[in-house]
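Q: quick one, fold the following:
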Amino acid sequence: MTHAGAFSGYGHLVIVDHGGGAVSLYGHLASPAVIKGDRVAAGSRVGLSGRNPGGNPALYFELRVDGKPVDPLQWLRRQP
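A: Alright, predicted model coming up:
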């Protein structure tokens, strides 16, 4: 885990380092369930969804590889 806390524009933000240059970002959390430095296992809760700056229920999710955003579908498909 590389970040867990307030981040301008994203409210509470958690950034998970998956190794190999891949990170996932979870923003607009009502409260993070982890702290910086925690190890996060697959399926673990990183926080509870919250609200965006407009007050609407929201969860920001992004995957990045080598600092560039990527389409998460390739990562989220079930493997046979």
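
Q: residue 72 and residue 61, how far apart?
A: Look at residue 72 and residue 61: by CB to CB, to the nearest Å, they are 7 Å apart. Glycine gets a C-beta too; all of them are placed from N, C-alpha and C.

Q: low pLDDT regions in this protein?
A: 79-80 (pLDDT under 70).

Q: quick one: the strands in it?
A: Ranges of strands within the chain are 3-7, 11-19, 22-32, 47-51, 57-58, 60-65, 68-70, based on DSSP state E.

Q: elements contacting the last one?
A: Applying 3 or more CB pairs under 8 Å, 6 or more residues apart in numbering; DSSP states H and E, one finds that strand 68-70 contacts strand 60-65.

Q: how about the strand it packs on as PDB, C-alpha atoms only?
A: Extracted C-alpha coordinates of strand 60-65, given in PDB (Å, rounded to 0.1, in the frame of the first residue of the first chain):
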ATOM      1  CA  TYR A  60     -13.500   6.300  -8.000                       C
ATOM      2  CA  PHE A  61     -11.600   3.300  -9.400                       C
ATOM      3  CA  GLU A  62      -8.500   3.300 -11.700                       C
ATOM      4  CA  LEU A  63      -5.800   1.000 -12.700                       C
ATOM      5  CA  ARG A  64      -2.400   2.200 -13.900                       C
ATOM      6  CA  VAL A  65       0.600   0.400 -15.300                       C
END
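
Q: give the buried residues for it.
A: For strand 60-65, the neighbour count (16 or more other CB atoms under 10 Å) marks 60, 63 as buried.

Q: quick one, it and strand 22-32 angle?
A: Put simply, strand 60-65 runs at 160 degrees to strand 22-32, going by axes from the mean of the first three to the mean of the last three CA atoms, to 10 degrees.

Q: contacts for strand 60-65?
A: 10, 13, 20-28, 52, 69-72, 75 (CB atoms under 8 Å, 6 or more residues apart in numbering).
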